[in-house]
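# Pasting the sequence and the predicted coordinates here, then a few questions.
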Amino acid sequence: MIRQYELVERVRDYDPDINENLLNRAYVFSMKVHGKQKRASGDPYFSHPLEVAGILTHMKMDSDTIITALLHDTIEDTIATPEQIEELFGANVARMVDGVTKLSELTYSSESAKQADNFRKFLLAMSHDIRVLLVKLADRLHNMRTLTHIKKLEKRVRIARETLDIYAPLAERIGMQEVKEELEALAFPHVYPSAYESILKRMDQIHANTEGIKDTVIAELERLLADAGIEAEVFGREKRLYSIWRKMTYRHVSLDDQADIIAFRIIVDDAETCYRVLGVVHGQWQAIPGLIKDYISMPKPNGYQSFHTAVLGPGKKRIEIQIRSSEMDAVAEQGVAAHWIYKQHSSETEGAQYKWLRDLLEIMEHADSPDEFLEHTRLAMYQNQVFCFTPKGMLVNLPQGSTVVDFAYAVHTEVGDSCVGGKVNGHPVPLRTRLVNGDQVEILRSTAQQPSPNWLGFVITGKAKAAIRRFISHKKKQEYQALGKSLLERAFKLEDREFNDKALTLCAKKLQLGTITEIYEQVGKGELSDRKILETIYPGIKLNGHYSFPLPKMIDTGLNHKGGDHQIPIRGLTPGLAVHMSDCCHPIMGDRIVGIVTTGKGIMVHTIDCEALDVYSDTPESWLDLSWLVPEDKNSIFLSRIEVLLEHFPGALAVVLNVVAREKGNISNIKFIERAPELFRITLDIEVRDVKHLTSIIAALRVNERVSSVERAFR
Ligand code: MN
């Protein structure tokens, strides 16, 4: 284990702003709260945060990050609280510890590449401070180094697979080649044991063949450079088993084709010298055309700089050579971390963590499409996205502002079409609820549900919008067809003619319509009259009935209806037709209701006993069967009217208003019908939730001794 003074010394070496006192305190605190906890290896648990801190000192991280590393498991695994951390170590450290804890709580459980990519983006989006991500990577690195101590095979494989899918690519994304390669090397044998074994065996043979050549080339290069007066370090680079295997599986490059290539690296002081080295190498050996890459003047998206060339070396063996400065080498191995170390003291006004973030942003923004990644999206885009989970842990990636309905449609169109509600993190929420990062969303479904035009008022994803529109137009068609069919049935009955498909098929032909349903639809829409149909089928017929009930011409699609806020929770409406609560009977939720299709006004909703319905008694085809739905939001408001007869005394009105207010009714209008010397007769328009609500108001008024009578008013 790293001793306390050792750790402090290491940080002091590179961080002049070190807070030694705080670092010491974190060491002691973590050791104390982890107490007698043990790792799977049998080591004291504290050795883990300490090693993680150690890894981060190699990356030369600032002392806040080292402190965070020491404390990173205290919230999850010990009695320490976030408040305590903040009090002892400040808001900054507390925020970072919280960030690492949150990342650790996320479990990735999927084998699909798309999900892995989503999850990586999610981790990036959740790591508001890039240092949080680095602590997490260091944490994973140490866990991988000690993975063999975990006894359960399944768990080992799961952790190793997650490392290959998520953490190694993330490390690469931010340019930390060294960490990436170590993670891959550690995970490979656990995830693909047989592939690992066979490659390892072949590598032994290959090494035996190339070992001699490697030493020869190094010696030769060193001599050449010394002759040219160039100071340089020369390395022969070990092949990475996992990257060989990847090349074999994804790029179909056989092991033999990869085997005779040996990679060398020459490290010099500065960029200028790199070009001189190149001259020396090409002067000695023949360069292979097409393999020279100048990443020094054109760095890779993740900041990588180096010169690559390939030559026919001693014995005409193909060798690859990378030439770079020591700073470039550090960047290549440690990525953003190195960038920062080299530059951190050049700009003094900027806080270190912002510099970090900006560097990362730049890297992300310039990423075009190296094939290491399945898909590239700019970091800026992650901030416009929310990442939510299904109850089974599948990640769903949505644009910011997405609602429960968007989520449902993202999962599956059928799920969207039938959603009636949602639970976010276990709590029931309205469908319009906007989701935030990390929400776990469960969709409640019902076969009775249908997409509502009102949803268009709040969904934001194209998929949801298209599906809802499609459904509505389909639904509307069906309603027209049903309406048209019933109109025709009635007309045929009036004329004592048999209503059958044969006649209608003939008629469709004559009218050059494709099918019977098209006739129904056109009649339903009012584009064709029932009269016209009869006359087409029976030319010269003398009609005695009244036909062509005037159908509503205004077909408001409802799609442009912005005020989707106030949904009328009625079942049986024709989507797209305007709906009005009639002001003769003021139907409210709970009343038995019926709809009347009228010209120009769409559907008027009446109570079943409304006198106004008498007018429509002989046009049954204009009646619509309606019933109330339990509304998705309990905030529906209905206007109702009551008539009150009360004693005439000072403050009489105030009594009534108080009673109504106490019952939480909102009075929107008062009208005096009669002012007799002893009595007032007034009507009150009250906003209520439903019949029950109105009944309770009426009851409360009736028990008041100054109120003579209270009745619901229907006109
Ligand atoms: Mn840990």
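It's in. Numbers count the residues shown, from 1 in each chain.
# Next one, pLDDT for T163 please.
Here, the pLDDT recorded for T163 equals 91.
# In a helix, it, correct?
Yes: inclusion of T163 in a helix is indicated when DSSP: H, G, I helix; E, B strand; the rest coil is applied.
# Quick one: find the helix or strand in the protein with the lowest mean pLDDT.
helix 379-382 (a mean of 38; mean pLDDT, DSSP states H and E).
# which residue ranges form the helices in the stretch 601-715 of the chain?
652-662, 691-702 (DSSP state H, counting those that start in this stretch).
# In TSV: those, plus mean neighbour count and distance to P430.
In short, each C-beta sits where N, CA and C put it, glycine included. Below are those laid out as TSV (neighbours: other C-beta atoms under 10 Å; distance: least, C-beta to C-beta, whole Å):
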stretch	mean neighbour count	distance to P430
helix 652-662	16	27
helix 691-702	17	20
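# near the ion, which residues of the protein show up?
Taking C-beta under 5 Å from the ion as the contact definition, the chain meets the ion at 73, 139.
# per the record, what domains does the chain have?
As assigned by automatic domain parsing, the chain contains the domains 4-191, 207-339, 352-468, 469-537, 554-628, 638-712.
# Highest mean neighbour count out of those?
Of all the domains of the chain, domain 4-191 carries the top mean neighbour count, a mean of 19, counting by mean count of other C-beta atoms under 10 Å.
# ok so, going back, of the domains of the chain, which shows the lowest average pLDDT?
With a mean of 68, domain 554-628 has the lowest mean pLDDT of those.
# related to what we said a few turns ago, which of the domains of the chain sits closest to I199?
Closest of those to I199 is domain 207-339, at 5.3 Å (criterion: C-beta to C-beta).
# Double-check that I321 belongs to a strand.
Yes: I321 forms part of a strand when assessed by three-state DSSP.
# Helix, strand, or coil at the closest residue to it other than its chain neighbours?
For I321, ignoring the flanking residues on the chain, the nearest one in space by C-beta to C-beta, 6 or more residues apart in numbering is F264 at 4.9 Å. Put simply, F264 is strand when judged by three-state DSSP.
# Strands along the stretch 51-200 of the chain, start to end?
Taking DSSP state E, counting those that start in this stretch as the criterion, the stretch 51-200 of the chain carries no strands.
# Which stretches in it count as helices?
With DSSP H, counting those that start in this stretch as the criterion, the stretch 51-200 of the chain has helices spanning 63-71, 74-77, 82-105, 113-126, 130-145, 153-162, 168-173, 177-191, 193-227.
# Specify the angle between the fifth one and helix 153-162 in degrees.
What that stands for is helix 130-145. Calculated by axes from the mean of the first three to the mean of the last three C-alpha atoms, to 10 degrees, helix 130-145 forms an angle of 140 degrees with helix 153-162.
# quick one, strands of the stretch 501-650 of the chain?
Under DSSP E, counting those that start in this stretch, the stretch 501-650 of the chain gives strands at 570-571, 579-581, 593-598, 602-607, 623-625, 627-628, 638-647.
# Turn those strands into CSV, columns for distance to F492.
Listed next are the strands of the stretch 501-650 of the chain as CSV, based on distance: least, C-beta to C-beta, whole Å:
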stretch, distance to F492
strand 570-571, 29
strand 579-581, 30
strand 593-598, 20
strand 602-607, 26
strand 623-625, 19
strand 627-628, 29
strand 638-647, 40
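# right, and I608 touches I593 too?
Yes: at 6.4 Å, I608 counts as touching I593 under the criterion of C-beta atoms under 8 Å.
# I figured E674 hits F680, correct?
Yes: counting by C-beta under 8 Å, E674 touches F680, with 7.1 Å between them.
# Report the contact partners of the closest residue to L513 other than its chain neighbours.
Nearest non-adjacent residue to L513, counting by C-beta to C-beta, 6+ apart: I519, 5.7 Å away. When contacts are counted by C-beta atoms under 8 Å, 6 or more residues apart in numbering, I519 touches 484, 488, 504, 507-508, 511, 513, 528, 533.
# Nearest to the ion among these?
Taking C-beta to the ion as the measure, the ion lies nearest G484 of the contacts of I519, at 68.4 Å.
# Looking at the backbone only, give me phi and psi for that closest one.
G484 adopts backbone torsions of phi -60, psi -40, taken as degrees, to the nearest 10.
# now swap in R318 and tell me
Main-chain torsions, R318, degrees, to the nearest 10: phi -80, psi 130.
# Surely it touches A287?
No: between R318 and A287 there is no contact under C-beta under 8 Å: 11.1 Å.
# the helices in the stretch 201-350 of the chain, which residues?
241-250, 255-259, 271-284, 326-334, 336-343.
# any chance of those in CSV, with distance to R445 too?
Below are the helices of the stretch 201-350 of the chain laid out as CSV (distance: least, C-beta to C-beta, whole Å):
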stretch, distance to R445
helix 241-250, 40
helix 255-259, 51
helix 271-284, 62
helix 326-334, 50
helix 336-343, 45
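# closest one to E76 among these?
Nearest of the helices of the stretch 201-350 of the chain (C-beta to C-beta): helix 336-343, 25.0 Å.
# how about the helices of the stretch 51-200 of the chain, which one is nearest G602?
helix 113-126 (44.1 Å).
# tell me the contacts of V659?
697, 700-701, 704.
# do R276 as well
Neighbours of R276 in contact, by C-beta under 8 Å, 6+ apart: 228, 230.
# now it: how far from E231?
Going from R276 to E231 by C-beta to C-beta, to the nearest Å gives 11 Å.
# and which of the contacts of V659 is nearest to the ion?
Of these, the one sitting nearest to the ion (C-beta to the ion) turns out to be I697, at 60.4 Å.
# who touches the closest one in this structure?
Neighbouring residues of I697 by C-beta under 8 Å, 6+ apart: 642, 659-660, 663, 665, 686, 688.
# which pair in those residues spans the largest distance?
Every pair of the contacts of I697 checked by C-beta to C-beta; the farthest is V659 and V688, at 13.7 Å.
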